[in-house]
Structures are given as C-alpha cells and as structure tokens.
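Undergrad: after the sequence you'll find the predicted model.
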Amino acid sequence: MKRKRTLGEWARSRDGQRLFVMLAFMIIPLVLLFVFTYLPFGEMFGYSFYNMKYTGARKFVGWKNYIKVFERDDCFKALRLSLYYMVGSVVQLALALYLATVLSFKVKGGSLFKGMMFFPFLINGIAVGFIFKFFYTRGFVFDTVLQWCGFQLDNLPYWLRDQRINNWSLVGTSVWRYFGQNMVLFIGAIMSVDNELYEAAKLDGANNRQLLRYIILPSIKTIITLNVILSITGSLSAFEPPYVITDGANGTGTYFVIMHEIAHTQQKVGLASAMAIVLLIIILLATLLQKLFFKYVFRSAEDEDPNATARRDRRLARLSARQTVKAAVSGPEV
C-alpha cells in the first residue's frame, strides 16, 4: 500500500514546488500593483476631500475642491490647452499612418528610415525638452536654419514667448518625439495583413486609395484605436515639453504643469488631488467615446451586407484558381 506523503514531503516535491512558484508569480505582482498603484490612488482620492498640505492639520471640505477645479481660471485654461495637443496628435497619427503605409512594402533604405524615425522615441523626455529649448531659443538653431533659407531674424517670431505660436511650437516637439512609436505599431499591423486580400482586391480593380480604405484600415482598426487612445490620453496629460522648455510661462502651462505647481509650490495637496481625479474621469470618458466612434466607423462589411463574406470567398477562390492555372501552364521550374 502506497504511503501517504506528509505536508513537508509534499512541499518539497515537484508538485508542491510548482504550486509555490505559480502562487508566487500570481501573488507578488498583485501585491506590488496594490501597494504602488491602487493604494496610493485610494489615498489620493481621500485627500481630494480635504484642505491640506503635505504636513500639518487637514480640514474636511467635501466637494469644494472639485468645484474649485472648474471655477479657477488657471485650471480651466490649462485644460483647454489640451486642444492644441489633440490637434497635434491628429497630425502625428496621420503622418505615422502615411509613412507606415509606404514603409510596410519594399522600399529602398526602408529599414534605415524606420530606425531614424523611431529613434526620437528612445530619447528621454527631459533630454528632448532641453534639446528643443535651445532649438527654439532666439537666434539659435531654428532661427539660423530659417536665415539660411532667406528669412530675416527681425521678421521671425519668438517661438517660445509669442502666445500666438508658442503652444504650437511645443506641440511640434511632441509630434517629433512620438510619431515614430505610432509608425512602428502601424507597420507591425499592416505587415500582418494577409497578402491574398491585396491580390483579391487588385483582381477586382482596386487602386491604392481603395486598398488603404477597404483593406488596410479595417484590418488594423485595433491598432488605430489603440494609437488614438494613447495619443488623446497623452494630449490630456502633456507635461514634459511645457515644463522643461518654458516652465509653463507665457500661457504654455498645461493641466499637469498647473497641477504640479498647485501641489508642490502652493502646497494645496487636496486641490491637486481633485484635479487628478477630474483628469482621470475626462480620460475615461474620452476613451469610451473613442471606442464608440471607432466601433461605428469600422463596422464590418458583414454587419452591413450579409453577402459580403460570400463575395470575398468567391474572390479568393477565383484568385486561387488563377494561380493554379498559371502554375500548370508555366510548368515546373528547372
């Protein structure tokens, strides 16, 4: 009769050690996630109902901090600055999608271009800020290049002081840094599309524009949705360019810059916590609206036309038959 193992023997056995490893890989990440993410978030949500500093007494004020977020001009104006970055994100995604469409197919020097365009994303955000701080400074790199092109220095604006253009200058910094990341994601999605779909569409006389609209875009809708969500979220939480390049001066202080000033300079921790919660709600709403929008835009052909699947299968069958006939006529290669 087989002896029953004790608890200690089972713990030292292969089955016991496997269970301990599985539990460790499950529990340790969850504990770290709770301690460093959910617990601080819960504390911050609690702080948002108090008038408090980092040290000293705190006073419960209820929803007054949330009301102040919409009453203060600096908070509301900073939130409106996100519109600049949202426009920049549209340009960024359009540029990334265009270059990805070109570089997904065989292009001479394509690998070099991919590496060069993705490289800015690898640079630290603070370093990018210092680079463009000198790039836009009066009489420095950008002004020098424009003077080579025939412009007079006196006729050029102050790129970081003129409030008509300084936010667009900062948006250009974000576009330069992040469009390479979007491009690489688009390239990976486009290259995963089945080549037979392109060939079947070409048999039906589709041109490049129709290939993009009816083949590429519906096939990469998941990546498009992801990139749009990341871009809009980044637009609402822009921090590094205005903080490093201008320190929020001359009307360039975004929501995060103002929140940083309120929390660390003015020591209004409760109000800053309420601002963070409001931003989280705005991001969640924006994400939900985007998902609904793309669900409507990228409705599948099968949802609109029940016979679309049958027609696509007939096109693929026609393509397969043509390739078979061509192979039979040409004969085996010698």
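TA: Structure's in. What do you need?
Undergrad: chain center to the strand or helix carrying residue 8, what's the gap?
TA: In the assignment (DSSP states H and E), residue 8 maps to helix 7-12. How far helix 7-12 lies from its chain's middle: 48 Å, per Cα atoms, centre = their mean, to the nearest Å.
Undergrad: make 337 the starting number, not 1.
TA: Got it, the first residue is 337 from now on, which makes the last one we talked about helix 343-348.
Undergrad: go through it and flag the buried ones.
TA: Across helix 343-348, burial judged by 16 or more other Cβ atoms under 10 Å covers no residue at all. To be clear about C-beta, it is placed using only N, CA and C from the backbone, and glycine gets the same treatment.
Undergrad: after that helix, next one along is what?
TA: Downstream of helix 343-348, the next assigned helix or strand under DSSP H and E is helix 350-369.
Undergrad: pLDDT on that next one, on average?
TA: What helix 350-369 shows for mean pLDDT is 86.
Undergrad: about what we covered before: show me what the helix holding residue 344 is packed against.
TA: Packing partners of helix 343-348 (3 or more Cβ pairs under 8 Å, 6 or more residues apart in numbering; DSSP states H and E): helix 350-369.
Undergrad: all helices for the stretch 537-670 of the chain, in order.
TA: Along the stretch 537-670 of the chain, counting by DSSP state H, counting those that start in this stretch, helices occupy 544-547, 553-555, 557-572, 576-577, 591-596, 605-633, 637-640, 644-666.
Undergrad: likewise the stretch 387-536 of the chain?
TA: 400-407, 409-416, 418-439, 446-458, 461-472, 477-484, 502-527, 531-539.
Undergrad: which one of the ones you listed is the most hemmed in?
TA: Here the criterion is mean neighbour count by mean count of other Cβ atoms under 10 Å, and of those the winner is helix 502-527, at a mean of 21.
Undergrad: before we move on, the earlier item: return the member of the helices of the stretch 537-670 of the chain having the minimum mean pLDDT.
TA: When mean pLDDT is averaged over each of those, helix 637-640 scores lowest at a mean of 47.
Undergrad: residue 523: what's it in contact with?
TA: 436, 439-440, 450 (Cβ atoms under 8 Å, 6 or more residues apart in numbering).
Undergrad: repeat that for 6 Å
TA: By Cβ atoms under 6 Å, 6 or more residues apart in numbering, the residues touching residue 523 are 436, 440.
Undergrad: just the pLDDT at it, thanks.
TA: Here the pLDDT value assigned to residue 523 is 90.
Undergrad: any idea how far residue 441 is from it?
TA: 10 Å (Cβ to Cβ, to the nearest Å).
Undergrad: how about the contacts made by residue 577?
TA: Applying Cβ under 6 Å, 6+ apart, the residues near residue 577 are 465, 506, 509-510.
Undergrad: which of those lies closest to residue 369?
TA: residue 510 (28.7 Å; Cβ to Cβ).
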